[in-house]
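Q: just coords:
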């Protein structure tokens, strides 16, 4: 890579800060390249016809490198790895991957997280059956000139948010900001898992945002943030190039302190690329994108609910990443006030909620963060900024203006300027929706023959707890080593995602035998109780809950005057994700309450029976 003058870059950062830019500066600078399988790197032929491509990238003095591919179309079985140092289990090298065809974004692009080091190797394995069919081209290398992997260095910024140069990174938010795992966040442990930080391809920690649910509850990874985060020209429109830049963003989930205290070293995070722009409107400053794939179950994400009715919350909670720092929480115990934005342009009357925080505050980098109704836990807006920003320390400024979710819902003239077409695609008229948990592992079992004679066709069947089963048939006409992949998919159950069960078929005395590897089963980290599905119910409905440990469980259904109508569970249960079916055909139409008691955990929710 060409030499990078870090002094010039830091001077540019200071100049940007002097002009009062509302977003945190970059940690790296983008270098344009055009490096692909045909014009760079080296191919190595492997036995059986597969081949291996390696490309070493060196950018002197870089603390980290990350990569953007403008062509990313891998065939089944293709695997991309990115690693530093030596790719050897005995070393301390970091390995990202394997990245596969599932990582391709809707626009045919793919972005990676930063990996530490100035010498990084890209390694791609192309299967023999798809030789020459891979499309892979590296378009951007981001040279990290600020150290993301050294918390001591990153914490040396200007914590008060006063005048002067602010590094706006880990540890740089003011002391008035409250870590999300303090006592103030106890009741927001689900909603916090929807919130993530937005990082650009150039390394800027610019904004915040939230993963949001949609009416179909199919776990489509819609991500809500602020329009101005992508409108770099500040002209209240998004050009094609600005939309392209948005599609190169990466969002960081779970970037937070595990306790109430600020950690001395920077915590880890779980990254996900933005796959495509969906909608946006400067009137309420909203931006809706779709991540390039569903966050995996080990991210433990939450899809936040929302309220598009326009009713003012009587109290509010904001969760955000101020100044590019770890996740924080702010609380306003008073009713939000209808307002408008009046800085740079004048938004329509009643387009925003104005809140005055009793605890915590907001700052650059929090833009796009969700405002939750404290009573319902649903999103009612996303942060645009603070109109009263007069250059004082951020901890002295306690206000925030949030674009109303209700105005974002249907004000626009097309699906690209409003939320409703994406979050209620079937136009059901829903204006309130609760949040749901992200995907969890499936319980999968596969059965079939242990021996397959040459030339025969055999079948393996799969069964899935909570989902549907499927099967595939395979036939071999040659004595070869075959690698089969059986994929089991569910039907959109909110607790279950997708998993793959691999079966290796090995030659053995003229026959073939199967052996499999069970998918990893992960237990929930905390107790939780979900809403019923469907709701309202007619014949039956299901209740879902999570148990992180074995415990005695009571699940009881009451009518609205407190009488017990069903005692569904009263026994000790093993840990895991649970689903209980409630027959409602014999219950009169009306509202009911179901209560879960699991050890010291107690929570109730309501549902409706409608015949």
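A: Thanks, I have the structure now. Given the structure is predicted, the values throughout are model-derived calculations rather than measurements. Residues are numbered from 1 along each chain as shown.
Q: hey, which helix or strand in the protein has the poorest pLDDT?
A: helix 151-154 (a mean of 34; mean pLDDT, DSSP states H and E).
Q: following that helix, which helix or strand comes up?
A: strand 178-179 (DSSP states H and E).
Q: what does that following strand rub up against?
A: 184-185, 256-257, 259-262, 326-330, 359-360 (Cβ atoms under 8 Å, 6 or more residues apart in numbering). C-beta: built from backbone N, CA, C; applies to glycine.
Q: so for that strand, what's the average pLDDT?
A: What strand 178-179 shows for mean pLDDT is 94.
Q: what helices or strands is the longest strand seen in the chain leaning on?
A: Of all segments of type strand in the chain, defined using DSSP state E, the longest is strand 270-281. When contacts are defined as 3 or more Cβ pairs under 8 Å, 6 or more residues apart in numbering; DSSP states H and E, strand 270-281 sits against strand 110-111, helix 227-230, helix 240-246, strand 250-253, strand 286-291, helix 420-423.
Q: got the ones you listed as CSV, with mean pLDDT, distance to residue 1 and mean neighbour count columns?
A: Below are these laid out as CSV (pLDDT from 0 to 100; distance: least, Cβ to Cβ, whole Å; neighbours: other Cβ atoms under 10 Å):
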stretch, mean pLDDT, distance to residue 1, mean neighbour count
strand 110-111, 84, 18, 26
helix 227-230, 92, 27, 25
helix 240-246, 85, 21, 15
strand 250-253, 91, 20, 24
strand 286-291, 95, 28, 25
helix 420-423, 96, 39, 20
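Q: may I see those arranged in CSV, with distance to residue 525 as well?
A: Supplementary listing: those in CSV, determined by distance: least, Cβ to Cβ, whole Å:
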stretch, distance to residue 525
strand 110-111, 28
helix 227-230, 30
helix 240-246, 32
strand 250-253, 14
strand 286-291, 22
helix 420-423, 27
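Q: nearest to residue 597, of these?
A: Of all those, it is strand 250-253 that lies closest to residue 597, at 30.7 Å by Cβ to Cβ.
Q: and that closest one, what does it pack against?
A: Looks like strand 250-253 contacts strand 195-199, strand 270-281 (3+ Cβ pairs under 8 Å, 6+ apart).
Q: if you compare these, which one is most tucked away?
A: strand 195-199 (a mean of 30; mean count of other Cβ atoms under 10 Å).
Q: what does that strand contact?
A: 205-211, 223, 225, 229, 249-253, 255, 269, 272, 319-321, 324, 327, 365, 368-370.
Q: so residue 187, which of the three states?
A: helix (DSSP: H, G, I helix; E, B strand; the rest coil).
Q: tell me the spacing between it and residue 331.
A: 10 Å (Cβ to Cβ, to the nearest Å).
Q: which of those two has more residues huddled nearby?
A: residue 331 (18 against 11; other Cβ atoms under 10 Å).
Q: wait, what's in contact with the nearest residue to the more buried one once chain neighbours are set aside?
A: Excluding the flanking residues, the one nearest residue 331 by Cβ to Cβ, 6 or more residues apart in numbering is residue 359, at 4.5 Å. For residue 359, the contact set (Cβ under 8 Å, 6+ apart) comprises 178, 184, 330, 331.
Q: apart from its chain neighbours, what residue comes closest to the first one?
A: In this case it means residue 178. Here the residue nearest residue 178, using Cβ to Cβ, 6+ apart, is residue 360, at 4.8 Å.
Q: for that neighbour, what are its contacts?
A: 176, 177, 178, 184, 318, 328, 329, 330, 331 are the contacts of residue 360 under Cβ under 8 Å, 6+ apart.
Q: if you rank those residues by neighbours, which is first?
A: residue 328 (33 neighbours).
Q: next one, pLDDT for that residue please.
A: 95.
Q: do the one 5 residues further on as well
A: According to the per-residue confidence, residue 333 scores 95 in pLDDT.
Q: that one and residue 226, how far apart?
A: Using Cβ to Cβ, residue 333 is found at 24 Å from residue 226.
Q: higher neighbour count, the two?
A: Neighbour count, other Cβ under 10 Å: between residue 333 and residue 226, residue 226 has more, with 30 against 13.
Q: three-state assignment of the closest residue to the more buried one other than its chain neighbours?
A: Leaving aside its sequence neighbours, residue 226 sits nearest to residue 368 (Cβ to Cβ, 6+ apart; 3.6 Å). What three-state DSSP gives for residue 368 is coil.
Q: number the residues from 23 up from this point.
A: Will do, 23 is the new start, and the previous item becomes residue 390.
Q: residues contacting residue 390?
A: 220, 229, 230, 231, 246, 247, 248, 251, 309, 404, 405.
Q: kindly report the same for residue 283.
A: Per Cβ under 8 Å, 6+ apart, neighbours of residue 283: residue 201.
Q: tell me the confidence at it?
A: Reported pLDDT for residue 283: 90.
Q: which helix or strand contains it?
A: Judged by DSSP H and E, residue 283 forms part of no helix or strand.
Q: do you know how far it is from residue 385?
A: Relative to residue 385, and taking Cβ to Cβ, residue 283 is found at 20 Å.
Q: ok, the contacts of residue 381 vs residue 459, which is closest?
A: Nearest member of those to residue 459, counting by Cβ to Cβ, is residue 206, at 22.5 Å.
Q: does the closest one belong to a helix, a strand or coil?
A: Recorded secondary structure, residue 206: helix (three-state DSSP).
Q: give me the pLDDT for it.
A: Confidence score, pLDDT, at residue 206: 93.
Q: so it makes contact with residue 350?
A: No: assessed by Cβ atoms under 8 Å, residue 206 is found out of contact with residue 350, at 9.7 Å.
Q: and the contacts of whichever helix or strand residue 104 is part of?
A: Here residue 104, judged by DSSP H and E, is contained in strand 101-106. By Cβ under 8 Å, 6+ apart, the list of residues contacting strand 101-106 from outside reads 89, 96, 109, 115-122, 134, 137-139, 141-147, 158.
Q: on that earlier part again, and the gap between the residue nearest to residue 248 and residue 304?
A: 13 Å.
Q: residue 151: how many residues sit nearby?
A: 12.
Q: not counting sequence-adjacent ones, nearest residue to it?
A: Spatial nearest neighbour of residue 151, chain neighbours left out: residue 99 (7.1 Å); criterion: Cβ to Cβ, 6+ apart.
Q: is the one you found in contact with residue 146, as I believe?
A: No: with contact defined as Cβ under 8 Å, residue 99 does not count as touching residue 146 (11.4 Å).
Q: ends of stretch 377-384, what's the gap?
A: 11 Å (Cα to Cα, to the nearest Å).
Q: what comes up buried for that stretch?
A: Across stretch 377-384, burial judged by 16 or more other Cβ atoms under 10 Å covers 377, 379, 381, 382, 383, 384.
Q: in strands, which of those residues appear?
A: Those of those mapping onto strands are residue 377, per DSSP E.
Q: need the buried residues of stretch 377-384 in JSON lines (columns: pLDDT and distance to residue 587).
A: As requested, the buried residues of stretch 377-384 are exported to JSON lines (pLDDT from 0 to 100; distance: Cβ to Cβ, whole Å):
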{"residue": "377", "pLDDT": "96", "distance to residue 587": "41"}
{"residue": "379", "pLDDT": "93", "distance to residue 587": "43"}
{"residue": "381", "pLDDT": "93", "distance to residue 587": "41"}
{"residue": "382", "pLDDT": "90", "distance to residue 587": "42"}
{"residue": "383", "pLDDT": "88", "distance to residue 587": "47"}
{"residue": "384", "pLDDT": "88", "distance to residue 587": "46"}
